[in-house]
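Enquirer: this one's structure only:
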């Protein structure tokens with residue numbers, strides 16, 4: 001009964017995560033296309049160079065407590081309350097520091113307008129601090145449906161306001177306002193769906209007791225942000241904000257596709273793995289099933305994005321952004337493997353080994369930053385190629401720890417992953433080859449999508465892939 005309950009919870013979480021993230025990314029794409037047609041690469045670049053500061057501040061105020069509360073069995077009111085007030089105090093303190101540091105940021109990028117823009121944009125993590133504990137409550141209780149509704153509503157409301165402001169000429173101010181509205185709506189919905197409420201009795205001791213675990217996650221998240229935003233910082237410094245905007249556009253579309261798959265996993269992986277962490281054999285089986293599912297979905301989705309990158313960019317946002325297409329094709333290869341990295345990370349956290357997670361992330365980040373600085377004279381494409389290659393190669397480091405923690409062999413992982421990689425890569429190469437004669441860009445885009453989708457589904461079905469059959473059977477059961 002317990003196995004079936006866990007299986008149902010996982011399947012429902014994956015289903016809601018998949019549906020909601022698919023809808024979220026479609027909506028984000030539609031709104032993003034509208035904004036890109038109203039704005040310039042330079043407008044996006046000004047926001048891109050500030051994102052790393054905002055994201056680092058957000059991680060500092062969250063401090064890894066979402067995962068820490070989830071791993072606590074069960075968290076008490078005192079734990080939630082201590083984290084709630086801790087997050088708010090930290091967020092306000094960081095905002096004050098960044099408020100006065102804004103002129104230094106502007107001087108670094110030689111953009112005076114970044115002084116008022118950064119002070120406005122950085123309000124987002126202060127607003128977010130009021131909903132972190134509510135988000136932890138929804139996350140720990142696998143309330144994926146409620147989280148999805150909050151995100152969908154926030155996207156529609158914030159993007160509608162952002163487009164209206166861009167239409168009336170507010171440019172990058174419209175993007176900043178969109179970010180603030182998005183965070184505010186998420187916080188309001190998290191309060192609505194969470195039954196927990198704070199009290200004015202402020203005792204931070206429970207937060208400090210969890211900080212030993214959460215601090216390692218905090219460090220990990222900080223370096224993850226430095227890793228993800230390396231190009232935003234370095235391109236703005238060594239090149240210009242327009243180049244940063246072009247890269248940020250490619251990374252935006254790549255992240256949308258990644259989040260469609262990754263969002264399915266992050267919503268359920270850690271809570272489910274934490275539930276079976278005391279049963280190593282069962283844990284390993286659950287992990288491998290998630291790994292097969294990720295590979296089954298991620299490789300065709302991301303490599304397919306790379307296949308249609310040029311047609312997609314030209315049709316949706318125009319020739320002004322054409323340079324983003326090559327970058328998007330390259331980043332899609334990185335994106336195909338990123339959800340696997342996320343799963344490995346959740347494995348370490350759920351086993352209580354946040355130190356391993358932190359060490360892997362920190363070392364990788366140092367390698368990436370040092371290498372990108374050394375490679376900047378060779379140009380953007382070389383920098384991106386290295387970034388993709390090192391992130392994929394780092395999976396072997398994660399695999400070493402998977403063997404140590406749950407005795408998962410490399411051979412088992414390859415059996416779960418490689419067939420889907422080969423199927424997807426083969427389909428994309430064949431599709432590219434047979435569609436070469438097509439000159440009409442609209443017909444070419446449609447032909448690539450249809451041919452690749454039909455071939456991949458057909459090959460995985462004929463090959464008897466277990467995850468394909470399980471997915472079909474689950475959908476049939478839900479329909480009945």
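Expert: Noted; the coordinates are in hand. The shown structure was predicted, so the numbers you read here are calculated from the model rather than taken from an experiment.
Enquirer: which strands and helices lie in contact with the strand or helix carrying residue 46?
Expert: Assigned by DSSP states H and E, residue 46 belongs to helix 41-62. Secondary-structure packing of helix 41-62 (3 or more CB pairs under 8 Å, 6 or more residues apart in numbering; DSSP states H and E): helix 77-109, helix 114-121, helix 123-129, helix 172-193, helix 205-228, helix 230-238, helix 241-266. From N, CA and C alone the C-beta is placed, and that goes for glycine too.
Enquirer: dump those helices to JSON lines, plus mean pLDDT.
Expert: Formatted as JSON lines, the helices and strands packed on helix 41-62 follow (pLDDT from 0 to 100):
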{"stretch": "helix 77-109", "mean pLDDT": "88"}
{"stretch": "helix 114-121", "mean pLDDT": "91"}
{"stretch": "helix 123-129", "mean pLDDT": "89"}
{"stretch": "helix 172-193", "mean pLDDT": "89"}
{"stretch": "helix 205-228", "mean pLDDT": "75"}
{"stretch": "helix 230-238", "mean pLDDT": "72"}
{"stretch": "helix 241-266", "mean pLDDT": "75"}
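Enquirer: pick the most buried one from those.
Expert: helix 241-266 (a mean of 24; mean count of other CB atoms under 10 Å).
Enquirer: helices and strands around it, which ones?
Expert: So helix 241-266, by 3+ CB pairs under 8 Å, 6+ apart, packs with helix 2-38, helix 41-62, helix 230-238, helix 280-307, helix 309-316, helix 323-350, helix 380-393.
Enquirer: export the helices and strands packed on helix 41-62 as TSV, with columns for distance to residue 315.
Expert: As requested, the helices and strands packed on helix 41-62 are exported to TSV (distance: least, CB to CB, whole Å):
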stretch	distance to residue 315
helix 77-109	32
helix 114-121	30
helix 123-129	32
helix 172-193	22
helix 205-228	27
helix 230-238	25
helix 241-266	13
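Enquirer: for residue 346, which of the ones you listed is the nearest?
Expert: helix 241-266 (7.4 Å; CB to CB).
Enquirer: ok and that closest one relative to helix 172-193, angle-wise?
Expert: For helix 241-266 against helix 172-193, the angle by axes from the mean of the first three to the mean of the last three CA atoms, to 10 degrees is 20 degrees.
Enquirer: now helix 241-266: how far from the chain's centre is it?
Expert: Centre-to-centre, helix 241-266 and its host chain are 8 Å apart (CA atoms, centre = their mean, to the nearest Å).
Enquirer: name the nearest residue to residue 37, ignoring sequence neighbours.
Expert: Leaving aside its sequence neighbours, residue 37 sits nearest to residue 317 (CB to CB, 6 or more residues apart in numbering; 6.2 Å).
Enquirer: pretty sure the one you found sits against residue 33.
Expert: Yes: Residue 317 lies in contact with residue 33 (CB atoms under 8 Å); the separation is 5.9 Å.
Enquirer: the two: who's more crowded?
Expert: Shown here are residue 317 and residue 33; by other CB atoms under 10 Å, residue 317 has more neighbours (20 against 16).
Enquirer: with that, I have no additional questions.
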